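Q: Can you look at this prediction? I've put the sequence above it.
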Amino acid sequence: AAAAAAAPLNTASLEPEPASSDALRHPPRTDDAIDWPRVARMGVYRMAVFGPIFSVFIRRLEMAVKAPGARGVAIKVAMDQLVLQPPVVCLFYFTMAVFEGRPFRDGVDRAIEMLVPTIKLNAPFWTTVHIVTFSVIPAQHRVLWVSLIQCGWTSVMSHLNHGAASRQTPIPAVETISPNSG
């Protein structure tokens, strides 16, 4: 246990997985092609936004919470759910809206609309996962463990975001002018 605690925290994660898990959620069929822009948005968000935020959060959490046993696990789970999750959930919906080309206000509206429904799903799922994370998984492997679990959760978030996007007013198409039109 002492060797595991002294080992450096592994902040590497399986970042190609967010895109692949979203792509796998859309089985290739002739009537339901993979939405590659959606897959790319999810992948970029996980690699450029969530991955770095979570890596720093988990590292700081490990340094800050020294309570042993069940008390330490409970504190870490509570910190994840109360400190990290609400802003990260809002950031997810805001970022997705912006990546979709929507105005800033649409991103804010989507984040506000989806915060509570997402937290209702998020809290029991991630509380259970993080009880295992902080009690069984060695500290140096926690980011990797969570990244593996994110394979499935990314599909849930993609589905929730798609539903929220479909309820927003469509973005007007930009009219293009052909050089041959006259």
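A: All right, it came through fine. Residues are numbered from 1 along each chain as shown.
Q: Quick check: buried residues in the strand or helix carrying residue 151?
A: Take DSSP states H and E as the rule and residue 151 turns out to sit in helix 142-167. Neighbour-count burial for helix 142-167, with 16 or more other C-beta atoms under 10 Å as criterion, is recorded at 142-143, 145-147, 150, 153-158, 160-161, 164-165. No exception for glycine: its C-beta is placed from N, CA and C like everyone else's.
Q: same thing with stretch 49-59?
A: Quick answer for stretch 49-59 (16+ other C-beta under 10 Å): 50-51, 54-55, 57-59.
Q: Then stretch 60-80?
A: In stretch 60-80, counting by 16+ other C-beta under 10 Å, buried: 61-62, 65, 73-77, 79-80.
Q: which residues are in contact with that stretch?
A: Outside stretch 60-80, the residues within contact range by C-beta atoms under 8 Å, 6 or more residues apart in numbering are 9, 57, 126-127, 130-131, 133-135, 139, 142.
Q: Switch those residues over to a markdown table; also include distance to residue 92 and secondary structure.
A: A markdown table is the format used below for the contacts of stretch 60-80 (distance: C-beta to C-beta, whole Å; DSSP: H, G, I helix; E, B strand; the rest coil):
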| residue | distance to residue 92 | secondary structure |
| --- | --- | --- |
| 9 | 24 | coil |
| 57 | 14 | helix |
| 126 | 13 | helix |
| 127 | 18 | helix |
| 130 | 18 | helix |
| 131 | 23 | helix |
| 133 | 20 | helix |
| 134 | 23 | helix |
| 135 | 27 | helix |
| 139 | 26 | helix |
| 142 | 20 | helix |
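Q: Drop anything exposed from the residues you listed.
A: Buried among the contacts of stretch 60-80 by 16+ other C-beta under 10 Å: 9, 57, 126, 130, 133-134, 139, 142.
Q: What is the nearest of these to residue 85?
A: Residue 85 lies nearest to residue 126 out of those, by C-beta to C-beta, at 7.0 Å.
Q: wait, isn't the closest one in contact with residue 88?
A: No: contact status for residue 126 versus residue 88: not in contact, 10.6 Å apart, counting by C-beta atoms under 8 Å.
Q: Just flag the most distant two among the buried ones among the contacts of stretch 60-80.
A: So, the buried ones among the contacts of stretch 60-80 by C-beta to C-beta: farthest apart are 9 and 126, at 19.2 Å.
Q: Is residue 93 in contact with residue 109, as I believe?
A: No: under the criterion of C-beta under 8 Å, residue 93 makes no contact with residue 109, lying 9.1 Å away.
Q: what about those two, which has more around it?
A: Between residue 93 and residue 109, counting by other C-beta atoms under 10 Å, residue 93 is the more crowded of the two (25 against 17).
Q: just checking, which of the buried residues of stretch 60-80 belong to helices?
A: Secondary structure from DSSP state H places 61-62, 73-77, 79 of those in helices.
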